[in-house]
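Enquirer: this is a predicted model, with the sequence first.
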Amino acid sequence: MSACEEKIDDVINTKETNLIVVEGLLTNQRLRHKIKLSRPYKVQNQSAEPVSGALIYITDNENGFAFLNEDPIGSGEYYTDSVRAVFGKTYTLHIDINGTEYTASDSPPAGQQLEFPFFAKNETDDLYHLNLSESGSLPNYIVYDINWENTDQCNPSDGCKGRVIYYDLKTIDVQEFYAPNKIDFFFPMGSTIIRNRHAVSVEYQTFLRSLLSETEWRGGVFDVQRDNVPTNLSAGAIGFFAVTTVISDTVIVN
């Protein structure tokens, strides 16, 4: 089989929408949480234009919760002090830009314990791989941070660490089953793996499902019609403000 490519120089029509893009995640982990504000791209692969100088704070359903400060100034990245969200509360993000307010709310679901084993040795060599499979009974995704910098298998020029994210949204999507294949990720004995499983709300599940359909799952046999990804932001803003419950552990491969 053979194929050819033809360069297309058509001009992509863009217009000023004045929308802001919100990327925010609040968890039950006690740390400085980040909210990022930017403008939609006008050109493919363009760097995001930050939205600076906003007033941002988060409230819960009982009282005030946290104010955020831009750090550094001009970056469009805003941080809380060291705080944590708790199960059973609804958190609302408030953004004020030159007198225009945008809001979004989400509530963290209950967490579930992580399962073992989750990695196995390859049959053909001395490396290991993750067993990526359904986890728990609630929609979630797991972030695996893998590091083998302190092993004799580390080549410093290769970085000796990596991240794998596995989405288990408890949906049945044909485009997920027939998504393009990914390169397998292998790591040596002695690697340290930090797992963080995020339990997600129904609204965040819907957002992630749509986002994956437009990104990681696209290019397979059964693509869906392109559309805007849903948001929980009020009019004038896109993106998502999510609150998740995280269960973590650290394992050394041996």
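Expert: Right, received. Where do you want to start? Only a predicted model underlies this, so the values are computations on that prediction, with no experimental measurement involved.

Enquirer: shaky segments in the stretch 1-150 of the chain?
Expert: 1-15 (pLDDT under 70).

Enquirer: neighbouring strands for the longest strand belonging to the chain, and are they parallel or not?
Expert: Ordering each strand of the chain by length in residues (DSSP state E) puts strand 237-252 first. Partner strands and pairing direction for strand 237-252 (DSSP bridges) are strand 20-27 (parallel), strand 192-199 (antiparallel).

Enquirer: put together a markdown table for the ones you listed, with distance to Ser47 and mean neighbour count on each row.
Expert: Where you see a C-beta, it was placed from the backbone N, CA and C, and this is true even at glycine. Output for the strands paired with strand 237-252, formatted as a markdown table (distance: least, CB to CB, whole Å; neighbours: other CB atoms under 10 Å):
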| stretch | distance to Ser47 | mean neighbour count |
| --- | --- | --- |
| strand 20-27 | 13 | 20 |
| strand 192-199 | 27 | 20 |
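
Enquirer: Ala242: which of those is closest?
Expert: Ala242 lies closest, by CB to CB, to one member of the strands paired with strand 237-252: strand 20-27, at 5.2 Å.

Enquirer: next SSE downstream of that closest one?
Expert: Later in the chain than strand 20-27, the nearest helix or strand by DSSP states H and E is strand 31-39.

Enquirer: from the contact counts, what lies against that following strand?
Expert: Packing partners of strand 31-39 (3 or more CB pairs under 8 Å, 6 or more residues apart in numbering; DSSP states H and E): strand 20-27, strand 49-50, strand 77-83, strand 91-97.

Enquirer: got the contact list for the longest one?
Expert: Outside of strand 20-27, the residues that reach it under the criterion CB atoms under 8 Å, 6 or more residues apart in numbering are 33-40, 48, 51, 58, 84-85, 91, 93, 95, 97, 102, 104, 106, 108, 198, 233, 236-246.

Enquirer: what's the answer for the shortest one, then?
Expert: Counting contacts by CB under 8 Å, 6+ apart, the residues outside strand 49-50 that touch it are Leu37, Ser38, Arg39, Gly74, Ser75, Gly76, Glu77.

Enquirer: which residues touch the second one?
Expert: So the one you mean is Ser38. Contacts of Ser38 (CB under 8 Å, 6+ apart): Ile20, Val21, Glu23, Ala48, Glu49, Pro50, Val51, Gly76.
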